Structure formats: C-alpha cells, structure tokens
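[1] Sequence and predicted model, in that order:
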Amino acid sequence: MTIYPSRQFLKDLKSLYKDSRYQTKVKKILYLLQSNPNHPSLRLHKLSGTSNYSISVDMSIRIIINIDSDDIYLLRIGPHQLVY
C-alpha cells in the first residue's frame with residue numbers, strides 16, 4: 001500500500017510534533033498502517049456518514065484516513081475534538 005499525506009495532515013503533524021513524545025508513536029503507527037492496515041492495535045474503524053476511517057496513535061490522538069484500492073490518504077491527525 002502507498003500512503004499519501006494531505007497538506008492538512010502535514011500541517012496538523014507539524015503542530016503535533018511540537019510535543020516530541022508523538023514523533024516515534026506516529027512513525028510506528030504509519031509503518032504498521034502501510035504494512036498491515038487491519039492490525040488490531042490501529043483500532044481501525046469506519047466513521048459514520050463518510051467514506052473515511054479513523055486509526056488511533058494513542059488514546060487521545062487519531063488519524064483520519066481514506067482508503068482507495070491500494071492507496072491510503074492521510075487526511076488529518078490530532079486530538080479527537082480537532083479531527084472529528
């Protein structure tokens with residue numbers, strides 16, 4: 001699978017990386033997403049009313065994605081309140 005970050009995702013990520021504890025977590029989650037999108041630790045679930053999905057970086061940080069064939073589009077990353 002190929003991962004494509006959106007401009008908004010990169011902007012969100014830059015803001016999130018101000019807190020250095022998330023850098024390693026995000027890298028690990030993105031690697032796992034690319035190698036096995038259905039891995040249980042991602043807690044992948046479809047968002048109601050959209051064609052998007054959510055995965056968890058940790059209990060407070062989510063990544064909103066869209067899956068199209070063999071491509072994964074990273075749309076947003078941040079706290080639950082920001083990305084939903």
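    Looks like it came in fine.
[2] make it CA atoms for all contacts and neighbour counts henceforth
    Noted.
[3] Please name the residues that touch the closest residue to D12 other than its chain neighbours.
    Nearest-residue entry for D12: I77, 5.8 Å, with adjacent residues in sequence omitted and distances by Cα to Cα, 6 or more residues apart in numbering. Taking Cα atoms under 8 Å, 6 or more residues apart in numbering as the contact definition, I77 lies against F9, D12, L13, I61, R62, I63, I64, V83.
[4] out of those, which is most surrounded?
    Highest neighbour count within the contacts of I77: I63, with 25 neighbours (other Cα atoms under 10 Å).
[5] What residues are bridge-paired with that residue?
    Beta-bridge partners for I63, by DSSP bridges, are I55, I77.
[6] That one contacts S54, doesn't it?
    Yes - under the criterion of Cα atoms under 8 Å, I63 makes contact with S54 at 5.7 Å.
[7] S35: what's it in contact with?
    The neighbourhood of S35, defined by Cα under 8 Å, 6+ apart, consists of M1.
[8] Look up how far T50 lies from it.
    Using Cα to Cα, to the nearest Å, one gets 24 Å for the distance from S35 to T50.
[9] Show me where the protein has its strands.
    In chain order, the chain shows strands spanning 2-5, 45-46, 53-56, 61-68, 71-79, with DSSP state E as the criterion.
[10] how about those strands, which one is nearest K18?
    Distances from K18 to each of the strands of the chain were compared by Cα to Cα, and the smallest falls on strand 71-79, at 12.1 Å.
[11] Next, the angle strand 61-68 makes with the closest one.
    Direction vectors for strand 71-79 and strand 61-68, defined by axes from the mean of the first three to the mean of the last three Cα atoms, to 10 degrees, enclose an angle of 160 degrees.
[12] Show me which residues of strand 71-79 are buried.
    Counting neighbours by 16 or more other Cα atoms under 10 Å, one finds that the buried residues in strand 71-79 are I72, Y73, L74, L75, R76, I77, G78, P79.
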